[in-house]
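> how would this look folded up:
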Amino acid sequence: MLQSFRLEVFRPECNPSFQSLHCLAHLDQDVSEALPYLNASLGGDEYLCDPPAVTFRAHGKLITVHPRLIAVNALADEAEAERIVRWLQGEINQAWERRAEITPSTQGRSKPQVLELLKLLPRTSCRQCGLPTCLVFAVRLAEGSLSPAGCPPLETPARQALDSYLAGFDLEA
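Residues are numbered from 1 along each chain as shown. The predicted structure is shown next:
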């Protein structure tokens with residue numbers, strides 16, 4: 001399916017002082033037919049149908065695959081960009097080769113609702129977690145970058161309720 005690509009590695013124009021790099025892999029083949037199979041096999045965070053694209057987290061990166069483009073953020077160097085895009089090339093090709101065994105999916109992964117998380121927090125905006133408000137903490141919980149343990153004033157019954165709610169979601173990055 002995906003045989004070749006051209007890699008473009010750059011610093012974001014909006015902030016050229018960023019230490020990390022981004023990359024765009026311009027695909028020489030259209031992989032749109034493989035996207036639902038890739039989404040099913042890698043567990044995409046978000047799937048867009050029109051135009052088709054799947055976004056997921058892997059190798060500590062946010063990766064979006066479009067029919068003729070792959071975007072990857074927060075890279076150390078060109079070698080890492082090449083390694084991750086080559087890995088993804090293998091995943092795309094493997095998903096396509098195994099498509100008879102995979103149930104294609106155009107659904108993203110279920111995510112916790114920020115307002116539900118906020119209801120389970122103390123809502124004091126005490127800043128003991130290092131964030132300005134409980135709402136910001138709830139957003140970070142929803143994206144999986146924080147755990148309930150990061151909220152010092154959260155008492156045991158509320159922590160258990162929060163843990164129970166979050167257990168229903170796969171927040172692994």
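
> Quick one: residues in contact with the longest helix belonging to the chain.
Criterion DSSP state H: the longest helix present in the chain is helix 78-97. Residues from elsewhere that reach helix 78-97 (CB atoms under 8 Å, 6 or more residues apart in numbering): 1-2, 5, 7, 9, 21, 23, 25, 31, 33-34, 37-38, 40-42, 58-59, 61, 63, 65, 70, 72, 75, 102. No exception for glycine: its C-beta is placed from N, CA and C like everyone else's.

> Please point out which parts of it sit buried.
Along helix 78-97, these residues count as buried under the neighbour rule (16 or more other CB atoms under 10 Å): 80-82, 84-85, 88-89, 91-96.

> What of stretch 142-156?
Residues of stretch 142-156 classed as buried by neighbour count (16+ other CB under 10 Å): Ala142, Gly144, Leu146, Pro148, Cys151, Leu154.

> rewinding a little: closest one to Gln107 out of the buried residues of helix 78-97, please.
Ala95 (15.7 Å; CB to CB).

> where's the closest one relative to Pro51, distance?
19 Å (CB to CB, to the nearest Å).
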